[in-house]
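In: I would like to see how this sequence folds:
(chains A and B)
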Amino acid sequence: MNVRLQTSFGDILLALDAEKAPKTVENFVQYVRDGFYDGTLFHRAMDGFMVQGGGFERGLFYFKAPAPIENEANNGLSNAVGSIAMARTANPHSASAQFFVNVEDNTFLDFTAPNERGWGYCVLGRVSEGMDIVNRMSAVETTSRAGHDDVPAEDVILKKAEVVED
Amino acid sequence: MATLFVSDVHLCAERPAAVEAFLSFIDGPARRADAVYLLGDIFDQWLGDDDDTAPHTDVLAAFSRLTNSGVPVGLFHGNHDFLVGHSFGERSGCQVLGDSSVIELGTTQALITHGDALCTDDTEYQAFRRLSRDPENQAHLLSLPMSARKQQAVELRKHSRAAKQLKPADIMDVNHDAVASAMRERNVRLLIHGHTHRPATHEFELDGQPAQRIVLGDWYESDHVLVWDTNGFRAGAVREMLP
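Out: Here you go, the predicted model:
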């Protein structure tokens, strides 16, 4: 299944792996279909690491995201460059809407053991087009805002997310 | 990319949350660092490189993973783990930097040390420090069986706890003259240390020039990481460095 993210930097096409991460993909696609991501920010840009979005409206007010999902990070998919994965709190099974795209091979985020330290971050797909857009997003100038570090100084906006039917 | 500084984790089996947090740091955000500096008292007790009390082995393995992944790690001695030695360095891949060192952060030279040597108002501690850092005394201590070393450590701790209760708080902080002379001697205007468990950034004047002393926090209530990157210094926490 493919999802197109229309951003203020250009379009990014995601190829989701519903076979390896069924619950995570279902959850993500539901947010896409609900229009939940439309008009949200990529609120975190860390050059050489990742860009994160899907949780904040413009102005950085926290979204109230619905129920957390099971962490499927033990599916064998790696946080390799170009992969998209779910962000979360310290609790491994706390991902809901926020996601990130790896701009480097961040294998230290992969599953190693079924415990708090080792659960890792569930990869649900990869960028199939527009990785240059993601790289540009990760390299923007950042600042600290509302208690958050690495916030793009100028808003990086996810204008619209939509499912692209095959 | 950033240079990360951590101090006073006081890893021991009695504080499993700190051990978990520290291992998460080493296997997590530390992997992305340009360099990691450990400013002493990472271990609550280190009675020689053959001290494999839990959680030492797990931590050593984590250091090894980190240094094998290409991240340089420099470890300074604290007053709890000054017996970390050559063999620890070989097994962990960490560079054991002893008491202090001057490092380069961009164009700035920074003096890095644990900080106990700067607490010169505590004369009783300084006397103990001289004895305990004496190479002959250390060689003697390390020649004892581990059980005897453990026994000595228990006695020492009893004494140290009792002594601390009798000391006014200010003599357990750094002495400003000691700070100034250490910085002058190494020709730096930036000092980073731990030990006092009083995290702060102190701005002052040294010989007419602006100077800075950054004190790292401990890992008792929460984890403290000092981050330096092209934007300068900032306080961080392990969780904040992950997606």
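In: Bridging across strands, which residues link to A:A161?
Out: Assessed by DSSP bridges, A:A161 has beta-bridge partners A:L5.
In: On the pLDDT front, check it for me.
Out: At A:A161, the pLDDT value in this model is 98.
In: That one is in contact with A:F42, isn't it?
Out: No: proximity of A:A161 to A:F42 does not meet the contact threshold set by C-beta atoms under 8 Å, at 12.0 Å. In short, each C-beta sits where N, CA and C put it, glycine included.
In: Show me which of the two is the more surrounded one.
Out: Remark: of A:A161 and A:F42, A:F42 carries more neighbours, 28 against 25, as counted by other C-beta atoms under 10 Å in any protein chain shown.
In: right, and the helix or strand after the longest helix that chain A contains?
Out: In chain A, ranked by residue count with DSSP state H as the criterion, the top helix is helix A:22-34. Going down the chain from helix A:22-34, the next helix or strand is strand A:40-46, by DSSP states H and E.
In: Quick check: neighbours of that following strand in the sheet, parallel or antiparallel?
Out: With DSSP bridges as the test, strand A:40-46 is paired with strand A:50-57 (antiparallel), strand A:157-164 (antiparallel).
In: out of these, deepest packed?
Out: Highest mean neighbour count of those: strand A:50-57, a mean of 23 (counted as mean count of other C-beta atoms under 10 Å in any protein chain shown).
In: for the next helix or strand after that one, packing partners?
Out: Once the chain leaves strand A:50-57, the next helix or strand it forms, by DSSP H and E, is strand A:83-86. Applying 3 or more C-beta pairs under 8 Å, 6 or more residues apart in numbering or on different chains; DSSP states H and E, one finds that strand A:83-86 contacts strand A:99-102, strand A:123-129.
In: what lines up beside the first one in the sheet?
Out: Read that as strand A:99-102. In the sheet, strand A:99-102 lines up with strand A:50-57 (antiparallel), strand A:83-86 (antiparallel) (DSSP bridges).
In: repeat for the last one
Out: Strands that pair with strand A:123-129, judged by DSSP bridges, come out as strand A:10-16 (antiparallel), strand A:83-86 (antiparallel).
In: So for the chain, the centremost residue is which one?
Out: I'll assume chain A. A:F99 (2.0 Å; C-alpha atoms, centre = their mean).
In: oops, I was thinking of chain B
Out: Nearest to chain B centroid, counting by C-alpha atoms, centre = their mean: B:G40, 1.5 Å.
In: quick one: secondary structure of the closest residue to that residue other than its chain neighbours?
Out: Distances taken as C-beta to C-beta, 6 or more residues apart in numbering or on different chains place B:G78 nearest to B:G40, at 2.7 Å, with adjacent residues excluded. Here B:G78 is recorded as coil under DSSP: H, G, I helix; E, B strand; the rest coil.
In: Residue 74: how many residues sit nearby?
Out: Unless you meant another one, I'm taking chain A. Neighbours around A:N74, by other C-beta under 10 Å: 15.
In: ah, I was thinking of chain B
Out: B:G74 has 17 nearby residues by other C-beta under 10 Å.
In: host element of it?
Out: Going by DSSP H and E, B:G74 is in strand B:73-76.
In: Give me the buried positions along the following helix or strand past that strand.
Out: Sequence-wise, the next helix or strand downstream of strand B:73-76 (DSSP H and E) is helix B:86-92. Neighbour counts over helix B:86-92 (16 or more other C-beta atoms under 10 Å in any protein chain shown) mark B:88-89, B:92 as buried.
In: mind putting these in CSV, pLDDT and distance to chain A included?
Out: CSV is the format used below for the buried residues of helix B:86-92 (pLDDT from 0 to 100; distance: C-beta to the nearest C-beta, whole Å):
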residue, pLDDT, distance to chain A
B:F88, 97, 23
B:G89, 97, 23
B:S92, 98, 18
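In: wait, which of those is closest to B:R32?
Out: Distance to B:R32 across these (C-beta to C-beta) is lowest for B:S92, with 19.1 Å.
In: residues from chain B in reach of chain A?
Out: With the criterion set to C-beta under 8 Å from any C-beta of the partner chain, chain B comes near chain A through B:1, B:20, B:23-24, B:27-28, B:31-32, B:69, B:234, B:236, B:239-240, B:242-243.
In: Pull the most distant pair out of these.
Out: Across the residues of chain B next to chain A (C-beta to C-beta), the longest gap, 25.4 Å, separates B:M1 and B:E20.
In: Please identify which of those two sits among more neighbours.
Out: More crowded of B:M1 and B:E20, by other C-beta under 10 Å: B:E20, with 15 against 12.
In: can you pull the contacts of that one?
Out: Residues near B:E20 by C-beta atoms under 8 Å, 6 or more residues apart in numbering or on different chains: A:116-117.
In: Ramachandran coordinates for it?
Out: Dihedral angles of B:E20 (phi, psi; degrees, to the nearest 10) stand at phi -60, psi -50.
In: Quickly note the distance from it to B:A62.
Out: 11 Å (C-beta to C-beta, to the nearest Å).
In: quick one: the helices in chain B?
Out: Assigned by DSSP H, the helices in chain B fall at B:16-27, B:56-68, B:86-92, B:123-132, B:135-143, B:146-166, B:176-185.
In: on that earlier part again, does the residue nearest to B:G40 really touch B:Q45, like I thought?
Out: No: here B:G78 does not reach B:Q45: they are 10.6 Å apart, not a contact under C-beta under 8 Å.
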